[in-house]
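*Asks:* coords below, sequence missing:
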Ligand SMILES: Cc1cc2nc3c(=O)[nH]c(=O)nc-3n(C[C@H](O)[C@H](O)[C@H](O)COP(=O)(O)OP(=O)(O)OC[C@H]3O[C@@H](n4cnc5c(N)ncnc54)[C@H](O)[C@@H]3O)c2cc1C
């Protein structure tokens, strides 16, 4: 088993853009070069703005290259709660998530990015009868709100017996997120965006007339700034308090599995699946003939967010989950593990708004940012370049930079895991 401090999807590029040195003036500076920041910067440049993109490491090398590769139209957490608490914007959130998938599919075509994308749809499945009732209730709410989905029985879906059925999103699919993120990076490096890698922003000050960014290599002065630093949001004092809690998500990948074994396991359709636990599990096949399993047990931190190898106990827990859901694949060995940080908002919904008159935050797409972060980035770019606010942006826009403290901390993470295992046992 190989433990990766970064991602198991792709090798790290050897050529990095030069770090920022000295003093620089631009129209708009974008902080953080994940898929969200890169799309913000690309779109701003398309509008003719002089844009500087500052990335502390390598563009795309954060969560963007480490995720499970689901291009998903999922919305936040439990739809029954969302529909109740966000009644006015719920339909808008569903539409935003749907548009995000289509936008990102177009993006791959537009930049000719070969990332093994397969338009498979995605099954959110129950693994116990009690979960199934809850999933169906949530599914009806989502379908009523316009989600392009259908309620299905697991046995009709060509998935293993452990997956009872639930809601099947007809749009979206799976890809190699590493090649996708690096494909977007290539587009950014070839564009008019002035890109600085290995350039950390240490502080952002809105002076009233402009914004000054204190960086590891000197000062950048911009008319406006967009913050797209995801899990690192709290590290800049200008970020609204409680915007996002850093949460670490772990992934494992198996060795190659013979197609006959997958068929024998009942996974004849190869439909990618997520479970409807409080903290989901995800199972998908890859173009290289392996299975990737993620999430289940999260981590958070009071200390620094860093790149380190995945926690062995969490990896072991993911392996246990895989063995439980796919008993006939008992001889298939896990081969790789990696992990990444995401920013979790209190509502578990994407958010954007003004942190100060000249600084916009556009981050925290939680566990659905592969499609949503690029889409949100481009909508924010359009808006700050003077276009009317798009209805999809309105659905996630916050008029005031005020957030309640989130429920995500080490205790609630542990409790959620225990509740999920209790549900499993009852099932
Ligand atoms: C294991 C795992 C599985 C996941 N699975 C899925 C999935 O299947 N589908 C899905 O939609 N989403 C998934 N996600 C979530 C998804 O990856 C994220 O929502 C998405 O990548 C967010 O993109 P981003 O651009 O906002 O953030 P990131 O990709 O994290 O980019 C933020 C960037 O900001 C940089 N940065 C931070 N601070 C500074 C600073 N001060 N100065 C300069 N640069 C800075 C970082 O280095 C980083 O590159 C998963 C995440 C993980 C970790």
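*Replies:* Sure, I can see it. In this text the structure is predicted, and so the values were computed from the model without any measurement.
*Asks:* What residues does the stretch 151-300 of the chain have near the ligand?
*Replies:* With C-beta under 6 Å from any ligand atom as the criterion, the stretch 151-300 of the chain comes near the ligand at residues 200, 201, 228, 229, 230, 231, 232, 235, 249, 251, 294. Yep, even glycine has a C-beta here, placed from its N, CA and C like the rest.
*Asks:* Now, those that are in helices?
*Replies:* By the criterion of DSSP state H, membership of these in helices covers no residue at all.
*Asks:* ok, residue 192 - contacts?
*Replies:* Counting by C-beta atoms under 8 Å, 6 or more residues apart in numbering, residue 192 touches 45, 51.
*Asks:* From the ligand, how far out is it?
*Replies:* Remark: distance between residue 192 and the ligand (C-beta to the nearest ligand atom, to the nearest Å) = 20 Å.
*Asks:* Quick check: which element contains that residue?
*Replies:* Secondary structure from DSSP states H and E places residue 192 outside every helix and strand.
*Asks:* Residue 316 in helix, strand or coil?
*Replies:* At residue 316, secondary structure determined by DSSP: H, G, I helix; E, B strand; the rest coil is helix.
*Asks:* For it, which residues are in contact?
*Replies:* Taking C-beta under 8 Å, 6+ apart, we find residue 316 in contact with no residue.
*Asks:* and with 10 Å instead?
*Replies:* 252, 297, 334, 337 (C-beta atoms under 10 Å, 6 or more residues apart in numbering).
*Asks:* Now neighbour count and distance to residue 407 too, for the residues of the stretch 151-300 of the chain next to the ligand, in TSV please.
*Replies:* Conversion of those to TSV gives the following (neighbours: other C-beta atoms under 10 Å; distance: C-beta to C-beta, whole Å):
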residue	neighbour count	distance to residue 407
200	20	30
201	25	29
228	31	24
229	30	22
230	28	19
231	25	17
232	23	21
235	16	21
249	26	17
251	25	24
294	26	21
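*Asks:* now, which of those lie within strands?
*Replies:* The members of those that map onto strands under DSSP state E are 201, 249, 251, 294.
*Asks:* where along the stretch 301-427 of the chain do the helices fall?
*Replies:* 312-325, 369-384, 391-396, 410-426 (DSSP state H, counting those that start in this stretch).
*Asks:* Could you do the stretch 101-250 of the chain as well?
*Replies:* Secondary structure of the stretch 101-250 of the chain (DSSP H, counting those that start in this stretch): helices located at 129-144, 177-189.
*Asks:* just the angle between the longest one and helix 410-426, please?
*Replies:* Using axes from the mean of the first three to the mean of the last three C-alpha atoms, to 10 degrees, the interaxial angle of helix 129-144 with respect to helix 410-426 works out to 110 degrees.
*Asks:* likewise the last one?
*Replies:* Between the axes of helix 177-189 and helix 410-426, defined by the same axes, to 10 degrees, the angle is 140 degrees.
*Asks:* so what secondary structure elements neighbour helix 177-189?
*Replies:* Helices and strands touching helix 177-189, by 3 or more C-beta pairs under 10 Å, 6 or more residues apart in numbering; DSSP states H and E, are helix 35-46, strand 51-54, strand 70-71, helix 90-110, strand 194-196, helix 369-384.
*Asks:* next one: the longest one
*Replies:* The helices and strands touching helix 129-144, judged by 3+ C-beta pairs under 10 Å, 6+ apart, are helix 79-85, helix 90-110, strand 122-126, strand 149-153, strand 165-169, helix 410-426.
*Asks:* Tell me the one of the contacts of residue 316 nearest residue 384?
*Replies:* For these, the minimum distance to residue 384 (C-beta to C-beta) is 38.2 Å, reached by residue 297.
*Asks:* Can you classify that closest one as helix, strand or coil?
*Replies:* Of the three states, residue 297 takes coil according to three-state DSSP.
*Asks:* distance of it from residue 182?
*Replies:* 28 Å (C-beta to C-beta, to the nearest Å).
*Asks:* Residue 112 now?
*Replies:* Taking C-beta to C-beta, one finds residue 112 at 13 Å from residue 182.
*Asks:* Surely residue 143 touches residue 137?
*Replies:* No. Residue 143 sits out of contact with residue 137 when judged by C-beta atoms under 10 Å, with a separation of 11.2 Å.
*Asks:* shared neighbours of the two, which are they?
*Replies:* Common contact partners of residue 143 and residue 137 (C-beta under 10 Å, 6+ apart): residue 79.
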